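1. Just to be clear, the model below is a prediction. Sequence and coordinates:
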Amino acid sequence: MLETITQSTPAHDVAHSGNHDERHDERKLIYARLMVASTNQPNDDALACMLASLSLGSGDMPVRLGLDEAQYTEMLTTHYPGIDMNKFSIAKAEEKIDRSDEQGELFELLYVNKADSDPSRKWMAQIVVAGCMGGNHLWQDLGLWCREDLTRLMETNFPELALRNDKNMKWKKFLYKQLCVQEGIYTCRAPSCEVCVDYASCFAPE
């Protein structure tokens, strides 16, 4: 399906270097093809990881990473001109529960804390919100390859939020906690995270 491209193994793939199954190799090829076509922008790497995963049905993302068709096409043209990824988009099962209010609040939280006016920040906010609707760790649902990929994504696109997560809380937990704080809802009665009985749930390794 894809031509073989020689490229050094990305840092986020080191943890998987021992896994040589055909599916993983195909994902690496798709990633490499995208990066060769990329325009050297900050989000190129993260988007290439997510698109490669999406194309193989990995992660838990809706079709086009949660973007509408026009946004998806513009995103591809901006970051990977000449690449047609539409044929690689695989949709997950439709979300039957209406979570539009929740999605709107998450998007607003991310959007008001974006790094700058680059259109890529808005796309990434929408993509992260779509990932938050999944049931696994956020980096896994997004189709990223390790938690560090997600941390870099947050630092690049939403630096103020990234700075607030100074205790390295799991990102999905952290984002929802920000919504609670924003609304003045404090569901945790522990004096600090370190002594909370749910500490492992929020801070355990991903």
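-> In hand now; what should we look at?

2. Any regions of this protein where pLDDT drops low?
-> Low-confidence segments of the chain, defined by pLDDT under 70, are located at 1-20, 91-96, 183-206.

3. Strands of the protein, residue ranges please.
-> Counting by DSSP state E, the chain yields no residue ranges for strands.

4. Next, name the residue at the spatial heart of it.
-> Centrality entry for the chain: nearest residue to the mean C-alpha point is residue 142, 4.1 Å, by Cα atoms, centre = their mean.

5. can you pull the contacts of the closest residue to that one other than its chain neighbours?
-> Residue nearest to residue 142 in three dimensions, not counting chain neighbours: residue 131, with 4.0 Å by Cβ to Cβ, 6 or more residues apart in numbering. For every residue, glycine as well, the C-beta is placed using N, CA and C. Each residue near residue 131 by Cβ atoms under 8 Å, 6 or more residues apart in numbering is listed here: 59-61, 66, 138, 141-142.

6. Inside helices: which ones of these?
-> Secondary structure defined by DSSP state H assigns 138, 141-142 of the contacts of residue 131 to helices.

7. can you put those in TSV and add distance to residue 35?
-> Converted to TSV, the ones in helices among the contacts of residue 131 look like this (distance: Cβ to Cβ, whole Å):
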residue	distance to residue 35
138	23
141	22
142	18
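
8. circling back to that earlier point, what about the contacts of residue 131, which one has the most neighbours?
-> The residue in those with the most neighbours, by other Cβ atoms under 10 Å, is residue 142 (29 neighbours).

9. my guess is it contacts residue 61, does it?
-> Yes - Residue 142 is in contact with residue 61 according to Cβ atoms under 8 Å; the separation is 6.6 Å.

10. what sits in contact with each of the two?
-> In terms of Cβ under 8 Å, 6+ apart, residue 142 and residue 61 are both contacted by the residues 50, 53, 127, 131, 134.

11. Pipe those residues into TSV and attach distance to residue 36 per row.
-> What follows is those, written out as TSV (distance: Cβ to Cβ, whole Å):
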residue	distance to residue 36
50	17
53	18
127	22
131	26
134	29
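
12. Buried members of those residues into PyMOL, please.
-> Entered in PyMOL, the line below selects the buried ones among the shared contacts of residue 142 and residue 61, by 16 or more other Cβ atoms under 10 Å:
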select buried, resi 50+53+127+131+134
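
13. Of the ones in helices among the contacts of residue 131, just say which sits nearest to residue 105.
-> Proximity to residue 105 was ranked across the ones in helices among the contacts of residue 131 by Cβ to Cβ; first place goes to residue 138, at 16.0 Å.

14. list the contacts for that closest one?
-> Residue 138 is in contact with 128, 131-132, 150, 170-172, 175, counting by Cβ under 8 Å, 6+ apart.

15. Against residue 126, how distant is it?
-> According to Cβ to Cβ, to the nearest Å, residue 138 stands 14 Å off from residue 126.

16. Residue 160: what's it in contact with?
-> Residue 160 sits in contact with residue 113, where contact means Cβ under 8 Å, 6+ apart.
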